[in-house]
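K.L.:
Okay, predicted coordinates and the sequence, questions at the end:
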Amino acid sequence: MKLFIRWLVTAISVWVAAWVVPGIHINDSSGWVAVAIMAAALGLVNIFLRPLLTFLSCGFIALTLGLFMFVVNGLIFQAASWVSNNWFGVGFYVDNLWAAMLGSIVVSITSFLITKFLPDQD
């Protein structure tokens, strides 16, 4: 149940990012399916690709005092968009890295705010 709630929060956050950020588009007849698949792809890419990118860029992360993580998050968001387009065939598009970085920030803030209003699962 907790996994489903996290996925639902991510899906809502991805929808907000597509609504707010000008470089993120949903070009699919069923937009909620595209958002749901993008949320699942974002979770999978976070599991498999984020540790590798963080490890490979740890020098840049240390040099920029952590600000390079915005670039890593943008790359993760853009990779999840690519996975949802090419592997699952849904119409969720991110135009460039700037839109992906802004979209990842919006998803992070929205997810944080939504989880603050959810009851504790302890």
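P.N.:
Nice, thanks for sending it over.
K.L.:
Dump stretch 15-31 to PDB, keeping only the CA atoms.
P.N.:
Below are the C-alpha coordinates for stretch 15-31, written out as PDB (Å, rounded to 0.1, in the frame of the first residue of the first chain):
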ATOM      1  CA  TRP A  15       1.300  16.000 -13.700                       C
ATOM      2  CA  VAL A  16       1.900  19.300 -11.800                       C
ATOM      3  CA  ALA A  17       5.400  19.600 -13.500                       C
ATOM      4  CA  ALA A  18       3.800  19.000 -16.900                       C
ATOM      5  CA  TRP A  19       1.200  21.700 -16.200                       C
ATOM      6  CA  VAL A  20       3.700  24.300 -14.800                       C
ATOM      7  CA  VAL A  21       6.900  23.800 -16.800                       C
ATOM      8  CA  PRO A  22       6.700  25.100 -20.400                       C
ATOM      9  CA  GLY A  23       9.200  22.500 -21.800                       C
ATOM     10  CA  ILE A  24       7.300  19.500 -20.600                       C
ATOM     11  CA  HIS A  25       4.500  18.200 -22.800                       C
ATOM     12  CA  ILE A  26       2.000  15.400 -22.700                       C
ATOM     13  CA  ASN A  27       1.000  14.400 -26.200                       C
ATOM     14  CA  ASP A  28      -1.100  11.400 -25.700                       C
ATOM     15  CA  SER A  29      -4.800  10.700 -26.100                       C
ATOM     16  CA  SER A  30      -5.000   9.400 -22.500                       C
ATOM     17  CA  GLY A  31      -2.800  11.800 -20.500                       C
END
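K.L.:
how close does Pro119 sit to Lys2?
P.N.:
Per Cβ to Cβ, to the nearest Å, Pro119 is found 12 Å from Lys2. Glycine gets a C-beta too; all of them are placed from N, C-alpha and C.
K.L.:
same deal with Leu52?
P.N.:
Distance, Leu52 to Lys2, by Cβ to Cβ: 26 Å.
K.L.:
now do Leu42
P.N.:
17 Å.
K.L.:
before we move on, what about Ile12?
P.N.:
According to Cβ to Cβ, Ile12 stands 16 Å off from Lys2.
K.L.:
center of this protein - which residue?
P.N.:
What sits nearest the mean C-alpha location of the chain, by Cα atoms, centre = their mean, is Phe77, with 4.4 Å.
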